[in-house]
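return a 3D structure for these sequence lines:
(one chain, ligands or ions: 1)
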Amino acid sequence: MYILLIGLVAIVLFIYYRFKYSKKIQVSITSKVSPVDSNFNWKSQQPLKIRPFIGKTNFNPSIGLKNITSTPEDWLLIENTYLKNIKVRKSSIENNQSKVLYIHEDIKAKLALAEFFQIVCQFLLSRYPKYFKLKNGIIHNLITNESFSINESNSIEILKILGSNIEEDFLIMFKEDEDSEYRVKSSFTGFPAGFDPSINYNKTISYIHKPVPQYNKLKFSMNKFFNNIKSQNLWVRFNWSIQTHSNLFTFNNHGRPGETMKKLNRKDIDFANGCFLRNERQCFIRLPKSNALVMTIRTYLTSMENIKNEEKIGNELIFAIDNLPDDLAYYKKRHEWGDALKEYLND
Ligand code: HEM
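Presented below is the predicted three-dimensional model:
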């Protein structure tokens, strides 16, 4: 009888510790990243063509998430825009630091940022060994010819290093307690798409999405998604907008309630160098130790001349512009550029 009882207790303890242990050693997405081919050359990497409006019939805001866990190497990309965009980011760090970098004054935020930094370093070393080399605790970036310490512990310095070595912006979020919503606790926003990043510091997902049309319809699914992301998962979603300037760093792309918009004529717009399709490639991961959630955002600008003459997808874009629901059309400022752009694409 005693032997049976001892056996039973041993089994229960085994299951308990196994469960606890397996929860603790959750792996991060960097654990299975393979290097790029030996003939990879960043200068010849064409930017991804993200055209989320093609083939769609419904243009209401949507979740549109795709699980890409089986290809973790697709997380952070090095393409032929690297040096040019890193230069823009460095200049924003110098001239606009309070809008670009954020770390909440809280040890949890600092630990999560430090964990994210280690994951990014591991990723760059594993994926791009030709361009990122580790020697005596220093990582040498052979594209920029600059170096940084893998042991950096100052949060502001970590943010500056990250912003100067990857093209992706990022937001690190966690909950203050189990029942609350995720809040932004640290971020690097080199390419804001039409909002002031500092307004979102330490704010919840719902607060941040207040200006987004139909957010209430997305809220439940979004929160469910955030609660369920596992640390070995990688998810992606895309968006698109139009802008009539060439800035990656902009606070003004989105229409706000009460705003008066000025309708532009075709002659007001330079379609080769001053009118762009703007896309974001947003990736979502969870950090295994801190349990924080991270969203990385890569921004692409494609000239309208390219859309029309090289890709020849003017008709698909016109269909998307025409079929935007009124609230989203206002948010995307269609009133300003819509008719002029359609006239150009139709020509
Ligand atoms: C499943 C995840 C998410 C969905 C479905 C989603 C959805 C949206 C949508 C529909 C918009 C309008 C622009 C667009 O077409 O993309 C938007 C804007 C925005 N989202 Fe998200 N979002 C998600 C995650 C996040 C997260 C985690 C953050 C950061 C905490 C974030 C920050 C923003 C910001 C700053 C804007 C611009 C708001 C403004 O105009 O001021 N999003 N989002």
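
OK, contacts around the residue in the stretch 201-347 of the chain positioned nearest to the ligand?
When distances are taken as Cβ to the nearest ligand atom, the stretch 201-347 of the chain reaches nearest to the ligand at Asn239, 3.3 Å away. Yep, even glycine has a C-beta here, placed from its N, CA and C like the rest. Applying Cβ atoms under 8 Å, 6 or more residues apart in numbering, we find Asn239 in contact with 52, 279-280, 282.

again with Leu171
Counting by Cβ under 8 Å, 6+ apart, Leu171 has contacts 184, 186-187, 189, 200, 294-295, 297.

of the residues you listed, which is the most crowded?
In terms of neighbour count, Ser186 stands highest of these at 27 neighbours, by other Cβ atoms under 10 Å.

that's a strand at that residue, yeah?
Yes - counting by DSSP: H, G, I helix; E, B strand; the rest coil, Ser186 falls inside a strand.

quick one: it and Leu113 touch, right?
Yes - between Ser186 and Leu113 there is a contact at 4.7 Å, judged by Cβ atoms under 8 Å.

now the contacts of Leu171 as a markdown table including pLDDT?
Formatted as a markdown table, these follow (pLDDT from 0 to 100):
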| residue | pLDDT |
| --- | --- |
| Val184 | 98 |
| Ser186 | 98 |
| Ser187 | 98 |
| Thr189 | 98 |
| Asn200 | 97 |
| Val294 | 98 |
| Met295 | 98 |
| Ile297 | 98 |
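
just those residues that are near the ligand?
184, 200, 295 (Cβ under 6 Å from any ligand atom).

now, among those, which is nearest to Arg256?
Arg256 lies nearest to Asn200 out of the ones next to the ligand among the contacts of Leu171, by Cβ to Cβ, at 14.9 Å.

for Pro211, see how far away the closest one is.
Going from Asn200 to Pro211 by Cβ to Cβ, to the nearest Å gives 11 Å.

do Ile318 as well
26 Å.

Leu324 now?
Taking Cβ to Cβ, one finds Leu324 at 16 Å from Pro211.

of those two, give the one with the bigger neighbour count.
In this view Leu324 and Pro211 are compared by other Cβ under 10 Å, and Leu324 has more residues nearby, 18 against 14.

touching the ligand at all, stretch 152-169?
No - Stretch 152-169 is not in contact with the ligand by Cβ under 6 Å from any ligand atom; minimum separation 10.2 Å.

give the buried residues for that stretch.
152, 155, 158-169 (16 or more other Cβ atoms under 10 Å).

the closest residue in space to Leu324 that isn't next to it in sequence: what's it in contact with?
Excluding the flanking residues, the one nearest Leu324 by Cβ to Cβ, 6 or more residues apart in numbering is Phe59, at 5.0 Å. With contacts defined as Cβ under 8 Å, 6+ apart, Phe59 is in contact with 53, 320, 323-325, 328.

show me which pair in the residues you listed is furthest apart.
Phe53 and Pro325 (13.4 Å).

which one of these two has more residues nearby?
Comparing Phe53 with Pro325 by neighbour count (other Cβ under 10 Å), the higher total belongs to Phe53, at 20 against 14.

pLDDT score for the more buried one?
Looking at Phe53, its pLDDT reads 97.

give me the neighbour count for the closest residue in space to it that isn't next to it in sequence.
Excluding its sequence neighbours, the residue lying closest to Phe53 (Cβ to Cβ, 6+ apart) is Ala320, at 3.6 Å. By the measure other Cβ under 10 Å, the count of residues near Ala320 is 19.
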